[in-house]
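**Q** Task: produce atomic coordinates for the following.
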Amino acid sequence: MNCLACKAKSCRKNISCGAEKFDLDANMDAYHDESSQQIIQAAAVLVDDGRAGTLSRIEELVEFALLMKYQRIGLAYCYGMEDTASAVRDIFTAKGLKTIGVSCTVGAFSQIEVNENSTLSGVSCNPLNQAAQLNQEKVDLAVVIGLCMGHDILFNREFKGDVTTLIVKDRPNAHAPMKGIQKLH
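**A** Purely as a prediction, here's the structure:
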């Protein structure tokens, strides 16, 4: 299957193309799981009825967290974006959401300890420690703010709950990856 090469786009007309290699019935059942329905319905409030494109990502995130009745929000952030993480915490806190920020340097592991090929002695980013701390804090939602490529993957793999990305690190493009795509395309 390669949706990018498809000319018919029948799925956009509620007609399966038949090329799927997964169990459609099992996935439909998964959509009707109570926890999936909560997320689907909260997301629909943000995009249906003409609301798509009317809220910024942070506004959507705050409203989504409130709709989902999340009580504890975890911020997994790059230490280079601590000011941004503090601003996000302030926004959440003003809306009554308890917010716990965890820096990528949590646990103070050195680069030599984390990366078997490194010869650098400075502090390393520790996405596994971030996930472990936020798991221990029992946050309802983790929000990723500017974790490095690869570190975000490790964090997402190890965090045991709902997670979303607010900011993707893209230093040359002021953290706006679309600019990089536009430059290369």
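**Q** CA atoms for contacts and neighbours, from now on please.
**A** Noted.
**Q** can you give me the helices for this structure?
**A** Taking DSSP state H to define them, one finds helices in the chain at 24-31, 34-47, 57-67, 82-94, 111-114, 127-136, 151-158, 177-184.
**Q** Out of those, which is the most enclosed?
**A** helix 127-136 (a mean of 21; mean count of other CA atoms under 10 Å).
**Q** so what does that one touch, helix or strand wise?
**A** strand 72-77, strand 98-103, helix 151-158 (3 or more CA pairs under 8 Å, 6 or more residues apart in numbering; DSSP states H and E).
**Q** who touches residue 60 in this structure?
**A** Residue 60 makes contacts with residue 46, as judged by CA atoms under 8 Å, 6 or more residues apart in numbering.
**Q** Tabulate the helices and strands packed on helix 127-136 (JSON lines), appending mean pLDDT and distance to residue 48.
**A** Below are those laid out as JSON lines (pLDDT from 0 to 100; distance: least, CA to CA, whole Å):
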{"stretch": "strand 72-77", "mean pLDDT": "98", "distance to residue 48": "25"}
{"stretch": "strand 98-103", "mean pLDDT": "98", "distance to residue 48": "28"}
{"stretch": "helix 151-158", "mean pLDDT": "98", "distance to residue 48": "28"}
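**Q** Nearest approach to residue 26 belongs to which of these?
**A** helix 151-158 (23.1 Å; CA to CA).
**Q** closest one to residue 169 among the helices of the chain?
**A** Of these, nearest to residue 169 by CA to CA is helix 177-184, at 8.1 Å.
**Q** just checking, what packs against the closest one?
**A** For helix 177-184, not one helix or strand is in contact under the criterion 3+ CA pairs under 8 Å, 6+ apart.
**Q** Now do it: distance to the chain's middle.
**A** Relative to its parent chain, helix 177-184 has a centroid offset of 20 Å by CA atoms, centre = their mean, to the nearest Å.
**Q** What of stretch 41-56?
**A** The answer for stretch 41-56 is 18 Å, by CA atoms, centre = their mean.
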